[in-house]
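Novice: 3D model of this:
(chains A and B)
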Amino acid sequence: MKTVLLIVLALVALFIVKLVIARRKFTKQWKQDEDDALQISRKIYESLSLSEKYAFIFVFDIFMKNIRTSVHNLAIAHHQIEFESKALGVTVKDADSFFGAEGMDRGITHSMDILRELKNKNRNISDFLIYRCSTFVEKACGRDRQTGMDCKEISEKLFLRMFTSIGYTEDELDKIVNNPQNLITLFGREKLTQ
Amino acid sequence: MRLLLFLLFLFWLYNYWRFTGKRKYFKKMVIVAEHRDEKFKTEQSALELASAYMEVQRYADAYSIFASVLNKYRNTPNSSDIMGNMEFCKKPLPWSGELRNHKMGYWHNFMLYRFGGSRRVMLSQDIYIATDNFIQYGHL
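Specialist: Numbers count the residues shown, from 1 in each chain, chains lettered A, B, ... in the order given. Below you'll find the model as predicted:
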């Protein structure tokens, strides 16, 4: 009886060791990939001013609020926004309080003005923001608590209204969202789109 | 003895309450300074923003702004103060290690008052008035 118990214990211990090694191996690779991607993102974003960085995070956060019911999508979106916040070097809270200080409506208008200027100054980064936001729109789910409207529908409408207001046409938006290969070639960040 | 300890505790509680008020105030001031810097884009507004960051213990952010001011305005008369502040941001306390942002904790503030390095806070009266207005009206 004692030997059987010892064998079982040894097998369990071996199994745990194997799990730990596999996990470490996996996370090491994953962390390395993420660090590489972070370095690339930091390089892209380094030319942005503080208010532009805040506008980026603010817009991401607006779209993230429309992801409500799917835990899986929410976790991905959270990770994404944390990643972007690390790359930009600003927090979601700071961005919210920056635009919130003017009152919500004026804050949104201000952020759109900043993005419009950015579009004229550096269109590639602006295109990249649109592509990133489109991934948040894809993940939108659930219903809005106050209006009962479908969050996906709200998100799509918001996306269209927001980016047409800064000077994009619907065709241009379609092109950016459906053909991200241009952006990937431009920024060399294929790891981020996985 | 018990009464003395209780009074000491009350004194500490009062100080802690004062500190939380100060923390709230300077966090609002950071928002105001960020807006002013975006609007005016002058040396003074940048220095005020960096000083506000320094007050809320965001040393890494303050350092990068001081460095950018030195880079942008090479003949500034404030260069010695800016360099002093940069040194302070790198090592706010004698035992501080790397340059990083803190979360404006009570303990760090307590130590800073007693053992902190010398720095020059460059906040004008205007920014205090703007912060007071922001607090009073709830928006900028």
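
Novice: buried set for the helix or strand of chain A with the lowest mean pLDDT?
Specialist: Sorting the helices and strands of chain A by mean pLDDT, DSSP states H and E puts helix A:181-187 at the bottom, at a mean of 73. Of the residues in helix A:181-187, A:183-184, A:187 count as buried by neighbour count, 16 or more other C-beta atoms under 10 Å in any protein chain shown. Bear in mind the C-beta positions are built from the backbone N, C-alpha and C, glycine included.

Novice: then stretch B:124-140?
Specialist: Using 16+ other C-beta under 10 Å as the test for burial, stretch B:124-140 gives B:127, B:130-131, B:134, B:140.

Novice: would you agree A:E156 is in contact with A:F136?
Specialist: No - using C-beta atoms under 8 Å as the test, A:E156 is too far from A:F136 to be in contact (11.0 Å).

Novice: tell me the buried residues in stretch B:76-86?
Specialist: B:78, B:81-82, B:84-86.

Novice: the longest helix seen in chain A near chain B anywhere?
Specialist: Counting residues, the longest helix found in chain A (DSSP state H) is helix A:2-45. No - using C-beta under 8 Å from any C-beta of the partner chain, helix A:2-45 stays clear of chain B, with a minimum separation of 12.9 Å.

Novice: let me know the helix or strand that A:G107 is in.
Specialist: Using DSSP states H and E, A:G107 maps to helix A:104-121.

Novice: then B:H35?
Specialist: For B:H35, the host element (DSSP H and E) is helix B:2-40.

Novice: and that helix, how far out from the chain's middle?
Specialist: 11 Å (C-alpha atoms, centre = their mean, to the nearest Å).

Novice: residues in contact with the helix or strand following it?
Specialist: Note on helix B:2-40: by DSSP H and E, the next helix or strand toward the C-terminus is helix B:43-55. The contact list for helix B:43-55, computed with C-beta atoms under 8 Å, 6 or more residues apart in numbering or on different chains, reads B:26, B:29-30, B:32-34, B:36-37, B:39, B:59, B:61-62, B:65-66, B:68-69, B:72-73, B:76, B:78, B:82, B:85, B:88-89, B:119, B:121-124, B:127.

Novice: and stretch A:64-75, which residues are buried?
Specialist: Neighbour-count burial for stretch A:64-75 [16+ other C-beta under 10 Å]: A:64-67, A:73-74.

Novice: those residues: which two are farthest apart?
Specialist: A:K65 and A:N73 (12.7 Å; C-beta to C-beta).

Novice: coming back round to it: and of the buried residues of helix A:181-187, the nearest to chain B?
Specialist: A:F187 (23.5 Å; C-beta to the nearest C-beta).

Novice: packing partners of the helix holding A:G107?
Specialist: Under the contact criterion of 3 or more C-beta pairs under 8 Å, 6 or more residues apart in numbering or on different chains; DSSP states H and E, helix A:104-121 touches helix A:50-64, helix A:92-100, helix A:123-139.

Novice: measure how far stretch A:25-42 is from the centre of its chain, please.
Specialist: 15 Å.

Novice: buried sites along it?
Specialist: Neighbour-count burial for stretch A:25-42, counted by 16+ other C-beta under 10 Å, picks out A:34, A:37-38, A:40-41.

Novice: just stretch A:108-124 next, same as before
Specialist: Neighbour counts using 16+ other C-beta under 10 Å place A:108, A:110-112, A:114-115, A:117-119 of stretch A:108-124 among the buried residues.

Novice: what does stretch A:79-93 give?
Specialist: Buried residues in stretch A:79-93 (16+ other C-beta under 10 Å): A:80-81, A:84-85, A:87-90, A:92.

Novice: ok, the most centrally placed residue in chain A to chain B distance?
Specialist: The residue lying closest to the centre of chain A (C-alpha atoms, centre = their mean) is A:Q80, at 3.4 Å. Remark: distance between A:Q80 and chain B (C-beta to the nearest C-beta, to the nearest Å) = 22 Å.

Novice: which helix or which strand is home to that residue?
Specialist: helix A:71-88.

Novice: if we can go back for a sec, and the buried residues of stretch B:124-140, which is the shakiest by pLDDT?
Specialist: Among the buried residues of stretch B:124-140, B:L140 carries the weakest pLDDT, at 85.

Novice: which ones are touching that residue?
Specialist: Listed by C-beta under 8 Å, 6+ apart, the contact partners of B:L140 are A:101-102, B:31-32, B:35, B:130, B:134.

Novice: one more pass at 10 Å, please.
Specialist: A:98, A:101-103, A:106-107, B:31-32, B:35-36, B:39, B:130-131, B:133-134 (C-beta atoms under 10 Å, 6 or more residues apart in numbering or on different chains).

Novice: again with A:D61
Specialist: Each residue near A:D61 by C-beta under 10 Å, 6+ apart is listed here: A:77, A:81, A:85, A:92-93, A:95-96, A:99, A:136.

Novice: and the two most separated of the residues you listed?
Specialist: Taking C-beta to C-beta as the measure, the contacts of A:D61 span a maximum distance of 19.5 Å, between A:A77 and A:F99.

Novice: higher neighbour count, these two?
Specialist: More neighbours surround A:F99 than the other of A:A77 and A:F99, with 26 against 22 (other C-beta atoms under 10 Å in any protein chain shown).
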